[in-house]
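take a look and give me a structure for this.
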Amino acid sequence: MESVASSRFHINPASALSQATQSTPCTWLGPAFGALITLINLLAKAESNKNGMRQLEERCLNFLTIIQNEGETMLPDDKTRLCSGAQSTIQGILDRMTPWCLMSRIKLFVKQDELAGIIQQCHLEISDCLNKLQITSHLEIHRWQSAFEDNQRIDNEYMIEYLGDLRNKQEILMNNQLQQTAAVNQILTVMQENLPSHVSATAERGLESNLYNLLQSSRSLLPNMNLKRGEVRRTSNYAVNGTSRTDVWEGCYLNEEKVAIRVLRAVYATPKTLKRFKVEAEIWRRVFEADKGEHILTIYGFCQSDGEYPYTVSPWMSNGTLTDYLNEYPEVDHRYILKGIAEGIKLLHSMSVVHGDIKGFDIAISPDGRPLLSNFGFTRLEEEIMSYFDVSSGSTLNQESLRWCPAELCKSGGKRTMASDVYAFSMTVLELMTHKEPWASVHLAPQVILKVCQGETPSRPTDPVVVERGLDDTLWALLEKCWCMNMHKRLTMKEIASCL
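Next up is the predicted model:
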């Protein structure tokens, strides 16, 4: 399928063949011109780097013309030597270019730089042959070198124009070459690196659209999760949600999908945070590859070039958080949600990843009602970068998360662990079943910490509706094994999931 863009980049094989045949009045150079005609027909089949191909074709023709002119006054043996060298060079170029000219357009796009290197090597072989035959043509040598980079640039422009043409969407998505993960990543890299930075929302953004659709069909993330080429833009004029540490804005990802932009107001955008975010991004990618958005909210990437605070980007969840969802749909299947939360934490722990802040507010609900763990590792990230100190609670703990925190986190040097995740999970289950925050009868959150550090545990709810939702004797006994004071005696998430 030809895009409209391709009309500017076209080899005319008929014209080239005509020139080649008209340039063979002498029989002694016939074998070399025969190889050239085969090469011209081959180059005409190439679906990429057309300007580079045309330049190579023209140089091969000029090369044989130089050989022919040089041999006009030579003896037969010298003509044979010239013809042999010329034919060997053209045949070598033919052999080198054959596999490339038979590749699909998309595969050539993936290997565009490598192909440009191959074409350049063919030019060098012609120069080397001229030198060996002691034929010097400085004008000819400098002419191809000065044109080579221009043709490479134009061929790259064609590639980007093709990839950004919405009419080529199906060919891009259906190409067999893109059934291979490595090839997908390569073409995604090409597309992302050529995104038009800082383009207005009303401009033609076909490259973003085709890139987005390829990401969706291949179930991939962008190769570079540092979103600095306009991959995302804010669409709301102010924050629509947030906490004491974060603001949530509405945004648009690749001009196609509504997303949540989570601004971390406890962290300033600095080289230090950039380095730290790059480390976190690799964890986000590993988690996505293992989960594919089934139990854990996907993180598309981060940005710290849009304002003084960095932010992360995730799909917009219209159902909101678990808290929002329970208020809207109180009759939902609570056991189903419980199992989904457990599976998500189990997956993180199987990858040695600690969530660090499990609670209803940090669980999103997908459009089809699945619980998705969100913001994993963010609390630890904020604390490590900023050594955040919450003056309202007198600790590095987030005031809004105190009701879900185990005693060990209240001690100096306390670290978030898988065991602290298990404790927070048990409190989240209590939140899920009661539709209230844990320790709901305790008015002030810091008082909860005092009780927890003294070894107290939540009282069992007696409301019949809580039992109907699933908080029976078996589940209560399970929760008691999750919030015990001794962190080493708590169940693992694998054990918990097997009991549900």
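
which helix or strand contains residue 51?
Using DSSP states H and E, residue 51 sits within helix 50-71.

from the chain's centroid, how far away is that helix?
Counting by CA atoms, centre = their mean, to the nearest Å, helix 50-71 is centred 43 Å from the centre of its parent chain.

show me how the chain divides into domains.
Using automatic domain parsing, the domain ranges for the chain come out as 4-163, 223-316, 322-499.

same list (those) but as CSV, adding mean neighbour count and mean pLDDT.
Any C-beta I mention is one placed from the backbone N, CA and C, and that applies to glycine too. As requested, the domains of the chain are exported to CSV (neighbours: other CB atoms under 10 Å; pLDDT from 0 to 100):
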stretch, mean neighbour count, mean pLDDT
domain 4-163, 17, 80
domain 223-316, 18, 90
domain 322-499, 18, 88
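
now render these as a markdown table, adding distance to residue 190.
A markdown table is the format used below for the domains of the chain (distance: least, CB to CB, whole Å):
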| stretch | distance to residue 190 |
| --- | --- |
| domain 4-163 | 6 |
| domain 223-316 | 9 |
| domain 322-499 | 30 |
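
these: which one's closest to residue 188?
domain 223-316 (5.3 Å; CB to CB).

just checking, what packs against the helix holding residue 51?
Packing partners of helix 50-71 (3 or more CB pairs under 8 Å, 6 or more residues apart in numbering; DSSP states H and E): helix 13-22, helix 30-43, helix 76-101, helix 112-132, helix 138-163.

report the angle between the axes of the fourth one and helix 138-163?
Taking axes from the mean of the first three to the mean of the last three CA atoms, to 10 degrees, one finds that helix 112-132 is oriented at 170 degrees with respect to helix 138-163.

can you check the third one too?
With the same axes, to 10 degrees as the criterion, the two stretches helix 76-101 and helix 138-163 enclose an angle of 20 degrees.

for the next helix or strand after helix 76-101, name the packing helices and strands.
Downstream of helix 76-101, the first helix or strand assigned by DSSP H and E is helix 105-110. If contacts are counted by 3+ CB pairs under 8 Å, 6+ apart, helix 105-110 sits against helix 138-163, helix 169-174, helix 181-193.

so which elements touch the longest one?
Right, helix 138-163. Judged by 3+ CB pairs under 8 Å, 6+ apart, helix 138-163 is in contact with helix 50-71, helix 105-110, helix 112-132, helix 181-193, helix 206-218.

try it again with 10 Å
In this structure, helix 138-163 makes packing contacts with helix 50-71, helix 105-110, helix 112-132, helix 169-174, helix 181-193, helix 206-218, judged by 3 or more CB pairs under 10 Å, 6 or more residues apart in numbering; DSSP states H and E.

take the second one, keep the C-alpha atoms, and write them as PDB.
When you say that, I think you mean helix 105-110. The C-alpha coordinates for helix 105-110 follow below in PDB (Å, rounded to 0.1, in the frame of the first residue of the first chain):
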ATOM      1  CA  ARG A 105       8.500  -1.800   4.200                       C
ATOM      2  CA  ILE A 106       8.100  -2.100   8.000                       C
ATOM      3  CA  LYS A 107      11.100  -4.300   8.400                       C
ATOM      4  CA  LEU A 108      13.200  -1.800   6.400                       C
ATOM      5  CA  PHE A 109      11.900   1.000   8.600                       C
ATOM      6  CA  VAL A 110      13.100  -1.000  11.600                       C
END
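
apart from its chain neighbours, what residue comes closest to residue 484?
Nearest non-adjacent residue to residue 484, counting by CB to CB, 6 or more residues apart in numbering: residue 490, 5.9 Å away.

my guess is the one you found meets residue 407, correct?
No: counting by CB atoms under 10 Å, residue 490 stays clear of residue 407, with 11.8 Å between them.
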